[in-house]
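Undergrad: The following comprises the amino acid sequence and a computationally predicted model.
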Amino acid sequence: MDKNQLLSELSYKATRSSGAGGQHVNKTSTRVELYWSLENTQAFSENEISRLRERLSHRLTKDGELQLASQDSRSQHRNKDDVTKRFFALLEVAIIPPIIRKKRRPSKMAKLKRLKAKKQHAEKKANRKKPEY
C-alpha cells in the first residue's frame with residue numbers, strides 16, 4: 001500500500017456541519033467528506049483491488065467510490081486528519097488476506113484423554129445416586 005499515491009488520489013469536500021457550535025456552525029464549513037475511487041486507483045495490485053472490492057462492498061457507491069465523512073470537531077483541519085486516519089485504518093484492515101484454515105485431527109492421546117474425563121464425570125454423577133437395594 002503506497003500511502004503517498006493514495007493521498008494524491010484522495011479528494012476532499014468541506015460542507016456545513018450539524019450539531020453544537022452556535023452561530024459558528026451556520027457560517028463555517030467544518031464537516032469534511034473524503035472521496036476515493038477504487039476503480040481508478042494505482043496504489044494496489046489486481047488481487048488487492050478485488051479483495052478491497054469484496055470487503056468494502058457495503059461502503060462503496062455504484063461507481064466504486066468510497067465516501068467517508070467527519071464532523072466531530074469544530075476545526076476543519078482536525079476533521080480532515082480524522083477522516084484520513086479512518087480511511088487508512090479501514091484500508092489496512094480490508095487488505096489483510098484471509099487466513100486459510102488447515103484441517104486438523106485430534107491425536108489418539110487427546111481422544112483417550114477426553115474419553116477418560118467423560119468416564120470419570122459419569123462415575124462421579126453415578127456415585128451421587130441412592131443405591132438400589
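TA: Cool, got the structure.
Undergrad: and the nearest residue to Pro106 once chain neighbours are set aside, how far is that from Gln120?
TA: With Cβ to Cβ, 6 or more residues apart in numbering as the criterion, Pro106 has its nearest non-adjacent residue at 7.8 Å, and that residue is Arg114. Bear in mind the C-beta positions are built from the backbone N, C-alpha and C, glycine included. The gap separating Arg114 from Gln120 is 11 Å, by Cβ to Cβ, to the nearest Å.
Undergrad: for the one helix or strand in the chain whose mean pLDDT sits lowest, which positions count as buried?
TA: When the helices and strands of the chain are scored by mean pLDDT, DSSP states H and E, helix 23-27 comes last with a mean of 76. Buried residues in helix 23-27, defined by neighbour count with 16 or more other Cβ atoms under 10 Å: Val25.
Undergrad: Would you mind measuring from the residue sitting nearest the centre point of the chain to Thr30?
TA: Taking Cα atoms, centre = their mean, the centroid of the chain lies closest to Val93, which sits 5.3 Å from it. Distance from Val93 to Thr30, counting by Cβ to Cβ: 27 Å.
Undergrad: all strands for the protein, in order.
TA: Assigned by DSSP state E, the chain shows strands spanning 11-15, 31-37, 65-70.
Undergrad: most packed of those?
TA: Highest mean neighbour count of the strands of the chain: strand 31-37, a mean of 19 (counted as mean count of other Cβ atoms under 10 Å).
Undergrad: just the angle between that strand and strand 65-70, please?
TA: 160 degrees (axes from the mean of the first three to the mean of the last three Cα atoms, to 10 degrees).
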